[in-house]
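[1] Pasting the sequence and the predicted model now:
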Amino acid sequence: MASVPNYEIPPRAVPENDAGYFEKITQAVFQAGFSWAVIRAKWPNFQQAFAGFDVDKVAAFTEVDVERLVEDKGIVRNGRKIQATIHNARLCQQHIRTHGSFKNWLNTLDRDYYVREKQFCKVFKFMGPMGAFFFFWSVGEDVPSYEEWQARREK
């Protein structure tokens, strides 16, 4: 099992359903630039604001919803990340339709972690290497040790 710095350890559990995977993608998106502690403290508000991460409901959000969320003081009010979340819900919807579940789609990605990370980052908006690492870590996927991952990033 990979180790990550104690100050940045997100909860680790295999999601029970597609909404759980979408929620973890969204956490990774909003975590960028913030500590996990800040995002965790606001997370119940995110869950309410984003309809419990129901993929179909969030995929149906409109500009009115974006405006509502930008005004919601309970979440991180970054309009670009909010729009990316809606976009990512629509991508999840497509993968679920095509593969039967998000997990099934995830299993189509390359088994080599570093190739998989690049594939994942290309698909989802506002997803960088650190977000992908924490996504894969938090959903129980195999990842290299944090030290190995960090050393490779620094090359």
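    Happy to help now that I have it.
[2] what residue ranges in this protein are flagged as low confidence?
    Across the chain, the ranges flagged by pLDDT under 70 are 1-10.
[3] So which residue is smack in the middle of it?
    The centroid of the chain falls nearest to Ile25 when counting by C-alpha atoms, centre = their mean (1.2 Å).
[4] Over to Trp137. Which of the three states is it?
    Classification of Trp137 using DSSP: H, G, I helix; E, B strand; the rest coil returns helix.
[5] quick revisit: residues in contact with the residue nearest to the centre of the chain?
    Applying C-beta atoms under 8 Å, 6 or more residues apart in numbering, we find Ile25 in contact with Asn88, Cys92, Phe124, Met127, Phe135. Bear in mind the C-beta positions are built from the backbone N, C-alpha and C, glycine included.
[6] Restricted to helices, list those residues.
    In this view, those that belong to helices under DSSP state H are Asn88, Cys92, Phe135.
[7] that older thread, now flag whichever of the contacts of Ile25 is closest to Glu147.
    The shortest approach to Glu147 among these belongs to Phe135, at 18.8 Å (C-beta to C-beta).
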